[in-house]
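>>> Sequence first, predicted model second:
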Amino acid sequence: MVDTTTLIVLSTVVQTVVISLTLVVFIFQFRSQERAIKESSYQNLLARYNDFMMSGSSEEPLFARMASDFGVSESDMAAARRLLISYGIIEEAYELYKKGWIDEESWEQWNAWLKAISKHPHFEMLHKQTAGMYDKDFQEHVSRLIGSNQSTLG
């Protein structure tokens, strides 16, 4: 015959196993959700990039009016607008890279785009004008990049 103590111990062991298995299932679900969030974040970034590349109309009345109000050409205003959007998209990629959500190779592709646009004549002014509006580490990275651009030119 089985005594009461044995039944209590057996019941406790079974409950412990069930709770442990439940926790393992939750852990796998959370990891799966985390992976899905990371992939979704990167897919959203790529979608923003694609939308940006497909847009490009400088014919927008708001920007035409702003260009005339500030005494700059519409083409300069359109370039500054596109630079600003690019800057924001690349900053988002930098944030994902910092979090470890995108790998080094993917970041280097975004960084290559940043290096290319940083050579635009308006880019340094845009970078200075937006100081404090973006992630500090990202802005420091861009400052170093601009510095290296100037040292290769000079």
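That came in fine, so what should we check first? The model shown is predicted, which means the values in this text are computed figures rather than measured ones.
>>> next helix or strand past the helix-or-strand element of the chain with minimal mean pLDDT?
Every helix and strand in the chain was compared by mean pLDDT, DSSP states H and E; the lowest is helix 61-70, with a mean of 60. Per DSSP states H and E, helix 61-70 leads on to helix 74-98 as the next helix or strand towards the C-terminus.
>>> quick one, what contacts Ser106?
Counting by CB atoms under 8 Å, 6 or more residues apart in numbering, Ser106 touches Tyr42, Ala93, Tyr97. Glycine gets a C-beta too; all of them are placed from N, C-alpha and C.
>>> what's the answer for Val17, then?
Contacts of Val17 by CB under 8 Å, 6+ apart: none found.
>>> Need the phi and psi values for it.
Val17 adopts backbone torsions of phi -60, psi -40, taken as degrees, to the nearest 10.
>>> And it, what's its pLDDT?
At Val17, the pLDDT value in this model is 91.
>>> follow-up on the earlier one: which of the contacts of Ser106 has the largest number of neighbours?
Using other CB atoms under 10 Å as the neighbour test, the contacts of Ser106 are led by Ala93, with 24 neighbours.
>>> What separation do you get for the nearest residue to it once chain neighbours are set aside and Met125?
Distances taken as CB to CB, 6 or more residues apart in numbering place Trp110 nearest to Ala93, at 4.0 Å, with adjacent residues excluded. From Trp110 over to Met125 the distance is 22 Å, taken as CB to CB, to the nearest Å.
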